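**Student:** have a look; sequence and predicted model below, questions after that.
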Amino acid sequence: MRDLYIFIDLIIIVGLISLAIGSLVRGGYKIKTNILFALFSFFTGAWIISNHLSNDTTIQLNLALFANYLVLASSLAVSILLMQFIISLAEVQKIRRLITFSLPPLWIICLMCFSSLVVSGIRVQSNVYAIDFGPLVWLYAFAIFYIISIVVYGLINGLKYTKGIKRRQLMSISYGLGLSLPLIVLFTLILPVFTGEFSLTEFGITPLIILVLSLYYGVVKYRLFDIKMAVVRTIVYVLSLGSLALVYVLVADFLSRVLLNRSQENTISPVNIMLTLGLAFFFQPIRDFFDKITNKIFYRDSYVPAEFYALLSKTLTSTTDMRNLLSKVSKLIADTMKSSQVFFVVNLDNNHTITSGTVGYQKIPKHDSDMLLDTKLQFGLIIASTLNQNDPVRKMMVSNQIEIALPLNRDGLVIGYLCMGEHEASNYNSRDYKTISTISDELVIAIQNIMSVQAVRDLNSNLQQKIQDATKELRLSNSQLQKLDKAKDEFLSLASHQLRTPLTSVKGYLSMVLEGDVGKITKTQRRMLKEAFSSSERMVNLINDFLNISRLQTGKFSIEKNPVNLSTVVEQELNSLKNSAISKGLTFIYKKPTDFPIVNIDESKIRQVIMNYADNAMYYSPEGSKIIIKLEQKPNKIIFTVKDSGIGVPKSEQEHLFTKFYRASNARRQRPDGTGVGLFLAKKIIDDHDGQLIFDSVEGKGSTFGFELPLQ
């Protein structure tokens, strides 16, 4: 019987280690449950090996005693890791703090198992070693039963609150633990302690084979650890090599005994060589044969993406009726992906919502469809199981039995959603997500085409001639507008170039006078000259803005990045505006950060943005107020903001603020000479730096302008 136990235990070790390695490859080592399972498998192997050594009376007493220490320590370590694995997999939140506090004392008890406090000694009993327990063995028993109670609670709680594929995974593990755990505790702890019969411990760990089989069932059926492919291919190779080995043994025995009249031990080497070459030749066909069988068993739900795309393209061109088309596409996707339901929610141009899908799909309430069509949800493929449990979007999707929602974007706006229910057999994998994401544009084009065709049909009956006339007029108007726009751009470019040269000269001469190159000047003269210098500098900046607008129109606007100390740049720009701020009774509050990182930016263009924000804050802030400038470093980004307590921007006008030549109504009243190009250029510059604008404003209370730049 011992050989049978060894054989079964060897299967357990190989099975667990194979699953552990499979769960850790391809990034699985980053997942907590995979790491816990790998450690569980390692300590289980140590437990099994030490158990056989502890019962081998042929080895030295000291080695057997250490093996018994290791049996108790590794069994408790296995229990601790199993508890953590179950709680993490079941996502039980209620007792996480209890487990965190329990782990240190449990591991201390585990270390105590290597002392005479738990195992005081061993003695020979029949053909095994019996254990003489120490005074603190009750701590070991208490720890085991405490862990078992936590595991049972975690499984019950997980089965109660989880749904879908996660619940089925927990169910398969529950069956394995429910059948194997009582037997293990009975034969390795309860019976030996109460009866003193330790021969039962040889069989004690063997029931783990039930748990291993349930784990493999969970992998193959419910994609536990998402390593189904590796497991199935392992089965293929084992079956292939096993078949070849069987054929080899039978043929070698036949040739040796029947044809060559020799015993199996004296098989001729050339025969072995010929058999090896022949079997190697047949390995690939045999493997292909088992591939087909396993694919039929394990991959009945698989599909070829290229074939699906071809069928989808054909379906999308089969009709111009919107509802009929959406129904056909829904059926194709449901049949291919094995979805419980598939349906579309599409918002037509007349604000009318249309829904259509597979037969019997769950009708979605209007307020839920409005939530889906909210433009704030434009963040790509939405998977319910990956969202936070308190997320209202997740709650809405779960209530409508939606697992996947694919936004259909047209020109940056969500025109509808493709909604998919749970997978009928197991769960969706990364290939399914990629396939669904790939068809988004094709679906949008098809829907848009049908909407366009329908619009043309509605108008074509009685407005065909008017459409032609209107089109002709629009083309003529568009042509004239393009000419005027081109003339405007040319004028801006020419005027800006012509104005910049004399202004630069004026600025230079003013600088020379201020620096005393032409003689001493009075304080009053210096104050007036400084004001003139600041005004000329603002004019140069304004002309530069117009030149940049011209470059944008002609496609010559470019970003040239270089390493720059941004904290110094901010300080320099604020110093250049300091006199103007003092003359207006304003104060800049800026604390230059120390050890600020060097960033890769276009210095001149970022200076324009900083100057524009600070200059606007001065113009629209009340006298005597403070303007707060902040530059700070965050993880992977830097943040610059300018906060004032000025007139603010009306809420109804904020969405237009960063468009070309646009100015808020209250800003036009306070500063009629503004151009409305500064914020437009700031947005373009920050966008071209792969950054994001910061803007917040309350009318009458002030505004905050700024930007975020990625820190490379």
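**Tutor:** Thanks, I have the structure now. Numbering: from 1, shown residues only.
**Student:** only C-alpha atoms for contact and neighbour calcs from this point on.
**Tutor:** OK.
**Student:** quick check, pLDDT for K163.
**Tutor:** Note for K163: predicted pLDDT of 73.
**Student:** number of residues surrounding it?
**Tutor:** If you count neighbours by other CA atoms under 10 Å, K163 ends up with 13.
**Student:** measure it to V398 for me?
**Tutor:** 10 Å (CA to CA, to the nearest Å).
**Student:** surely I87 meets V151?
**Tutor:** Yes. Between I87 and V151 there is a contact at 7.3 Å, judged by CA atoms under 8 Å.
**Student:** show me the contacts for the one residue sitting closest to the centre of the chain.
**Tutor:** Taking CA atoms, centre = their mean, the centroid of the chain lies closest to T386, which sits 8.8 Å from it. Contact partners of T386, counting by CA atoms under 8 Å, 6 or more residues apart in numbering, are absent.
**Student:** surely T641 and G706 touch.
**Tutor:** Yes. Between T641 and G706 there is a contact at 4.0 Å, judged by CA under 8 Å.
**Student:** which residues are common contacts for these two?
**Tutor:** I694.
**Student:** what stretches of the stretch 201-350 of the chain score poorly on pLDDT?
**Tutor:** Residue ranges of the stretch 201-350 of the chain with pLDDT under 70: 204, 219-302, 349-350.
**Student:** could you do the stretch 351-500 of the chain as well?
**Tutor:** Ranges of the stretch 351-500 of the chain meeting pLDDT under 70: 351, 374-379, 425-426, 460-464, 485-500.
**Student:** what do you get for the stretch 551-700 of the chain?
**Tutor:** Ranges of the stretch 551-700 of the chain meeting pLDDT under 70: 551-556, 673.
**Student:** R394 and R168, how far apart?
**Tutor:** R394 is 20 Å from R168, by CA to CA.
**Student:** typo on my end, S652
**Tutor:** 51 Å.
**Student:** repeat that for F194.
**Tutor:** According to CA to CA, F194 and R168 sit 37 Å apart.
**Student:** what do you get for I383?
**Tutor:** Distance from I383 to R168, by CA to CA: 18 Å.
**Student:** more crowded one of S652 and R168?
**Tutor:** Legend: neighbour count by other CA under 10 Å for S652 and R168, higher for R168 (19 against 8).
**Student:** any idea which helix or strand carries the more buried one?
**Tutor:** Using DSSP states H and E, R168 sits in helix 164-185.
**Student:** past that helix, which element shows up next along the chain?
**Tutor:** From helix 164-185, the next helix or strand downstream (DSSP H and E) is helix 191-195.
**Student:** tell me the helix or strand right after that following helix.
**Tutor:** helix 201-204.
**Student:** about what we covered before: the helix holding R168: which residues count as buried?
**Tutor:** In terms of neighbour count (16 or more other CA atoms under 10 Å), helix 164-185 has its buried residues at 165-174, 176-177, 180-181, 183-185.
**Student:** also stretch 153-165?
**Tutor:** Buried, per 16+ other CA under 10 Å, within stretch 153-165: Y153, G154, L155, N157, G158, L159, I165.
**Student:** next one: it to chain centre, how far?
**Tutor:** 24 Å (CA atoms, centre = their mean, to the nearest Å).
**Student:** which residues touch that stretch?
**Tutor:** Taking CA under 8 Å, 6+ apart as the rule, stretch 153-165 contacts 86-87, 90-92, 167, 170-171, 174, 222, 422, 426-427.
**Student:** what ranges do the strands span in this structure?
**Tutor:** Along the chain, counting by DSSP state E, strands occupy 119-125, 128-133, 342-347, 353-357, 382-383, 404-410, 413-420, 562-564, 587-590, 599-601, 626-634, 637-643, 692-698, 702-710.
**Student:** would you tell me which one of those strands is buried the most?
**Tutor:** strand 342-347 (a mean of 24; mean count of other CA atoms under 10 Å).
**Student:** ok and that one relative to strand 404-410, angle-wise?
**Tutor:** For strand 342-347 against strand 404-410, the angle by axes from the mean of the first three to the mean of the last three CA atoms, to 10 degrees is 30 degrees.
**Student:** could you dump strand 342-347 to CSV, C-alpha only?
**Tutor:** Output of strand 342-347 as CSV, limited to C-alpha atoms (Å, rounded to 0.1, in the frame of the first residue of the first chain):
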residue,chain,number,x,y,z
VAL,A,342,-26.6,40.9,-26.7
PHE,A,343,-28.3,44.1,-27.5
PHE,A,344,-27.6,47.7,-28.7
VAL,A,345,-28.7,51.0,-27.3
VAL,A,346,-28.4,53.7,-30.0
ASN,A,347,-29.2,57.4,-29.7
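**Student:** who does that strand pair up with?
**Tutor:** strand 353-357 (antiparallel), strand 413-420 (antiparallel) (DSSP bridges).
**Student:** can you add distance to I402 and give those back as JSON lines?
**Tutor:** Formatted as JSON lines, the strands paired with strand 342-347 follow (distance: least, CA to CA, whole Å):
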{"stretch": "strand 353-357", "distance to I402": "13"}
{"stretch": "strand 413-420", "distance to I402": "6"}
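**Student:** can I assume Y590 is in contact with I629?
**Tutor:** Yes. Judged on CA under 8 Å, Y590 makes contact with I629 at a distance of 5.0 Å.
**Student:** what sits against S54?
**Tutor:** Applying CA under 8 Å, 6+ apart, one finds that S54 lies in contact with A64, L65, F66, A67, N68, V71, V128, Y129.
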